[in-house]
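**Student:** quick one, structure for this:
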Amino acid sequence: MLKKVVFLCSFLIFLTVYGVFADQDNYVAVYYFHTNFRCVSCHKIEQYTGETINKSFTNEIKNGSLKYSVINVEEKGNEHYVKDYQLYTKSVVLSMVKNGKEVKNKNLDKVWQYLSNKDQFMEYVKTETESFLRETK
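**Tutor:** You can find the predicted model right below:
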């Protein structure tokens, strides 16, 4: 029994030292916020954002350094996001989390400007996300 406890403790120390647990509280969250009413453009923003994140950041999603969520701000419990991020329309927001606390966020407001050009839209979201990821390391 003592050998099992010693082994388990040693294993957990190894994982911590080599960073397996170290970055669980450091990540970038990509949020797409919407309301109950959603137009064609709103669906397109969600589609392009999801496609960009899933295509460009496969490894980061797998290792937990990037999280993508689609959130309806009109659902119970989600109303605080409107105030937290000063939302006034459907939005893509990046949130940098370090040590479990948000330290920086950015509303990618140009998604509306680039909506008519999918490549430009995706490059914008990718570039901004990469910038946030670099800062979490």
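**Student:** what about the residue nearest the centre of the chain, is that helix, strand or coil?
**Tutor:** By C-alpha atoms, centre = their mean, the mean C-alpha position of the chain lies nearest to Ala29, the distance being 1.9 Å. Classification of Ala29 by DSSP: H, G, I helix; E, B strand; the rest coil places it in strand.
**Student:** tell me which residues of stretch 106-125 are tucked away?
**Tutor:** Residues Asn107, Leu108, Val111, Tyr114, Phe121, Met122, Tyr124, Val125 are the ones in stretch 106-125 that count as buried (16 or more other C-beta atoms under 10 Å). Where you see a C-beta, it was placed from the backbone N, CA and C, and this is true even at glycine.
**Student:** list the beta-bridge partners for His34.
**Tutor:** For His34, the beta-bridge partners are Asn72 (DSSP bridges).
**Student:** so, low pLDDT: which residues of this protein?
**Tutor:** Residue ranges of the chain with pLDDT under 70: 1-24.
**Student:** would you list every one of the helices in it?
**Tutor:** With helices called from DSSP state H, the chain shows them at 2-17, 40-56, 58-63, 80-84, 118-136.
**Student:** ok, back up a step: so the residue nearest to the centre of the chain versus Val103, what's the distance?
**Tutor:** Going from Ala29 to Val103 by C-beta to C-beta, to the nearest Å gives 12 Å.
**Student:** any shared contact partners between those two?
**Tutor:** Among the neighbours of Ala29, those also in contact with Val103 (C-beta atoms under 8 Å, 6 or more residues apart in numbering) are Val97.
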